[in-house]
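S.K.: Return atomic coordinates for the entry below.
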Amino acid sequence: MIRVIIVDDEPLALVSMKKHLNEFDNIEVIRTFTTAKDVLKEGPTLDFQVAFLDVEMPGMSGLEVAQLLKTWDKNICIIFVTAYRDYAVQAFDVQSLDYLLKPVSKSRLEITINRIQKLFQKNLSSEKTRTHQKPMLQIRCFGEFVVSFDEKVIHWRTIKSKELFAFLFLQLHMPVPRDNILDSLWSDTDVKKARVQLHTTVSYLRTTLSSYGYTDVIEYANGCYILKLNDFQCDAFDLEDILNTKAETGRLNIEKAEELIQNYHGEFMATMDYAWTTSKANLMNKQFSQLLDELILYYSKNQNLKNRERSLLFALEFNPYSDKIVQQLIQHYTEIGNRAEAIKIYHSFNSLLLTELNVSPSQETTELFQNVLHAHEKEHETSVYP
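M.R.: Presented below is the predicted three-dimensional model:
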């Protein structure tokens, strides 16, 4: 899906452009603006790929807005829209992809959309080529802990080899005392035997990693082991990067966030039920929940009801005992006029809590449900007895 913003000080032209763009299945208009001032205020918090800009606007022209957008992200695609031909040369000076004359016909807009698609496909192809040229470790932490290389799953020589790699990976680039490793991974083994097994496992691990081009990544000094790994991709690290970027810039990378959610396979290291994973797992699961909250908020602000509903349902699947998510779903279905679904959500939630936890929904959730139920019954009575 290509995410688009429209900036035009003429309301009718803006509505017309949005209507045309919404007819394309691969286009999502996430926000519209009538002033450059609003773009400057809200733009940095939005994740968009294409900007349709009216050239002539009061205060700041579309050309000036385009130059500013390029400083935010040089990859933002600019499409200028104007009633005048005179700006064409200036438009292409700021590296715009296309220049549309008002009134914009659907057939002409199709040409623009095709150009955008070709540009994105070219960029994607280049990225895939770069990735293919330099394969790296792919480390999946959510769900089963899986390490692969060039799309092929790595098979460890022993179970302990995989476990030790995971243990060191959670403390990447940090010195881990040998005794800590022994206490965590070989607590039920005689100390002398445990040391021998650790030494053997480290040897196996080094051999496995070296076979994929990762030589000398495990060091031992001053009684500590250190895993020094640089070229890799990991869903847990991606999650932290997305949230850190959001905290620093105010912008949520929707594309990366959605990709992370689509590839979600379960809770952090769900198949590694060890005491040493508990603390990190709690933190990462909390961060994943935070990402879902950010997505829901983003789609709510931009009135993207379809994606908001999808994100809320995913969030409920991730945390089925959450009153907060159920409240948001009830409010969502009420907002779109589907009170029956809101009532259904509450009953399912109530049944789940009673069956599995022997508790009831919070008072706030129950009161919200009762208000919706009352409105639904009143509406039904009105339709039956006008």
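
S.K.: check contacts around Y84.
M.R.: Counting by C-beta atoms under 8 Å, 6 or more residues apart in numbering, Y84 touches 55-56. Just so you know, the C-beta spots here come from the backbone N, C-alpha and C atoms, and that holds for glycine as well.

S.K.: Assign it to one of the three secondary structure states.
M.R.: Assigned by DSSP: H, G, I helix; E, B strand; the rest coil, the conformation of Y84 is coil.

S.K.: Over to I330?
M.R.: Once three-state DSSP is applied, I330 turns out helix.

S.K.: Tell me which stretches of the stretch 201-350 of the chain form strands.
M.R.: 218-221, 224-227, 232-234 (DSSP state E, counting those that start in this stretch).

S.K.: my guess is S184 meets M272, correct?
M.R.: No. Contact criterion C-beta atoms under 8 Å: S184 and M272 do not qualify, at 11.7 Å.

S.K.: Distance of the residue nearest the centre of the chain relative to I325?
M.R.: In the chain, the residue lying closest to the centroid (C-alpha atoms, centre = their mean) is A257, at 0.7 Å. Distance of A257 to I325, given as C-beta to C-beta, to the nearest Å: 17 Å.

S.K.: which stretches of the stretch 251-386 of the chain have low pLDDT?
M.R.: 379-386 (pLDDT under 70).

S.K.: Now do the helices in it.
M.R.: 254-262, 278-301, 305-318, 323-335, 339-356, 363-384 (DSSP state H, counting those that start in this stretch).

S.K.: Comparing these, which comes out most buried?
M.R.: Most buried of the helices of the stretch 251-386 of the chain by mean neighbour count (mean count of other C-beta atoms under 10 Å) is helix 323-335; its value is a mean of 20.

S.K.: Give the other helices and strands that it contacts.
M.R.: With contacts taken as 3 or more C-beta pairs under 8 Å, 6 or more residues apart in numbering; DSSP states H and E, helix 323-335 sits against helix 305-318, helix 339-356, helix 363-384.

S.K.: can I get those in CSV with distance to C77?
M.R.: What follows is the helices and strands packed on helix 323-335, written out as CSV (distance: least, C-beta to C-beta, whole Å):
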stretch, distance to C77
helix 305-318, 21
helix 339-356, 37
helix 363-384, 42
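
S.K.: Of all those, which one is nearest I226?
M.R.: helix 305-318 (33.8 Å; C-beta to C-beta).

S.K.: The closest one to helix 254-262, inter-axis angle?
M.R.: 40 degrees (axes from the mean of the first three to the mean of the last three C-alpha atoms, to 10 degrees).

S.K.: who touches H199 in this structure?
M.R.: Per C-beta under 8 Å, 6+ apart, neighbours of H199: none.

S.K.: quick one: what helix or strand has it in it?
M.R.: Assessed by DSSP states H and E, H199 sits inside helix 191-210.

S.K.: Name the residues of that helix that come out as buried.
M.R.: 194-195, 197-198, 201-202, 204-206, 208-209 (16 or more other C-beta atoms under 10 Å).

S.K.: And those residues, which is closest to I154?
M.R.: T208 (6.8 Å).

S.K.: my guess is that closest one meets R157, correct?
M.R.: Yes. Contact status for T208 versus R157: in contact at 6.4 Å, counting by C-beta under 8 Å.

S.K.: Count the residues that sit near the closest residue to E294 other than its chain neighbours.
M.R.: Nearest residue to E294, sequence neighbours excluded (C-beta to C-beta, 6 or more residues apart in numbering): L252, at 5.3 Å. If you count neighbours by other C-beta atoms under 10 Å, L252 ends up with 20.

S.K.: In contact with L252, which residues?
M.R.: Neighbours of L252 in contact, by C-beta under 8 Å, 6+ apart: 45, 47, 242, 246, 294-295, 298.

S.K.: again, only using 10 Å
M.R.: 45-47, 242-243, 245-246, 291, 294-295, 297-298 (C-beta atoms under 10 Å, 6 or more residues apart in numbering).

S.K.: for K102, same thing?
M.R.: 8, 10, 13, 16-17, 54, 81-84.

S.K.: And the pLDDT for it?
M.R.: Here, the pLDDT recorded for K102 equals 85.

S.K.: element containing V81?
M.R.: strand 77-82.

S.K.: what lines up beside that strand in the sheet?
M.R.: strand 50-54 (parallel), strand 98-101 (parallel) (DSSP bridges).

S.K.: Just name the most buried of those strands.
M.R.: The stretch of those with the highest mean neighbour count (mean count of other C-beta under 10 Å) is strand 50-54, at a mean of 24.

S.K.: Dump that one to PDB, restricted to CA.
M.R.: Written as PDB, here are the backbone C-alpha positions of strand 50-54 (Å, rounded to 0.1, in the frame of the first residue of the first chain):
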ATOM      1  CA  VAL A  50       4.100  10.400  -1.600                       C
ATOM      2  CA  ALA A  51       2.900  14.000  -1.400                       C
ATOM      3  CA  PHE A  52       0.500  15.600  -3.900                       C
ATOM      4  CA  LEU A  53       1.200  19.400  -3.500                       C
ATOM      5  CA  ASP A  54      -0.700  22.300  -4.900                       C
END
